[in-house]
Each structure stands twice: as structure tokens, then as C-alpha cells.
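J.: can you look at this prediction? I've put the sequence above it.
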Amino acid sequence: MILKKELGKKIQEIRKQRKLTQEKFAELVGIDPKNVSKIETGLNYPSSETIIAIARVLNVEIYELFVFNDIPYEQMKQEIIDSLSSEKNVLQLYKHLKGL
């Protein structure tokens, strides 16, 4: 899935701009450092809770993590929709958006 790889690259890019090591970033987000590596290389897709924590730690809006130049808009939109097939993910995202 292209989305996982692009999201991982975007997170890594912003993390490095913020001069955070993977270890420090993992500590701030509340995940295992190995998981950071898997997310950044596109092997794992972060849960909605982790995406929210990542955006908070990197001091960006959630949508900014999904702004890519290399993915056509319609493909990106469809992959995001597909990733929300879990009721739990939809409910978590809804709860977060209502809090904005």
C-alpha cells in the first residue's frame, strides 16, 4: 500500500526536522522504538490513537501527515477510506475531530 510508505516517509521527515531521534520520538508518542522504525519504513500502519499522538508530538495537524506530492488525490482518498474499515478507528477519529 502506497499510503503506508508515504505516511512513514512524511513522519520520518518531520521527526528529523524536529531533531528527534527515533528513541525520543517513541518515548513522547508512547510506543516502542521498534514500532517507530516499522511505521517510518511503511511496514506498519499506525492506529488512529498513534496518529493523533504523532501529530501532537510533531506539532502538526493530522491532515498534514497525509499531504503527499506523489500520490494522486483520488488514490490517497480511497486508501484513507479503506483504512477506516474498522469501527474502532472510525469512532476514535470521530471523537478526536469532535474535540477540535
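T.: Cool, got the structure. Since the model is a prediction, treat every value here as computed from it, not as a measurement. Residues are numbered from 1 along each chain as shown.
J.: helix, strand or coil for Ile31?
T.: coil (DSSP: H, G, I helix; E, B strand; the rest coil).
J.: what is the burial count for it?
T.: 20 (other C-beta atoms under 10 Å). Bear in mind the C-beta positions are built from the backbone N, C-alpha and C, glycine included.
J.: in the chain, where is pLDDT below threshold?
T.: For the chain, applying pLDDT under 70 flags the ranges 1, 70-71, 100.
J.: would you map the strands across it?
T.: In the chain, no strands are defined using DSSP state E.
J.: can you map out the helices along it?
T.: Along the chain, the segments classed as helices by DSSP state H run 2-17, 22-29, 33-40, 48-58, 73-83, 87-98.
J.: in the first one, what's buried?
T.: The reference is to helix 2-17. Across helix 2-17, burial judged by 16 or more other C-beta atoms under 10 Å covers Leu3, Lys4, Lys5, Glu6, Leu7, Gly8, Lys10, Ile11, Gln12, Ile14, Arg15.
J.: could you dump those residues into TSV with distance to Ile31 added?
T.: Putting the buried residues of helix 2-17 into TSV (distance: C-beta to C-beta, whole Å) gives the following:
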residue	distance to Ile31
Leu3	19
Lys4	16
Lys5	19
Glu6	20
Leu7	15
Gly8	13
Lys10	17
Ile11	12
Gln12	14
Ile14	16
Arg15	13
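J.: which one of those sits closest to Ala53?
T.: Ile11 (11.3 Å; C-beta to C-beta).
J.: what sits against the closest one?
T.: Neighbour list for Ile11: Ile39, Glu40, Ile54, Leu58, Leu65 [criterion: C-beta atoms under 8 Å, 6 or more residues apart in numbering].
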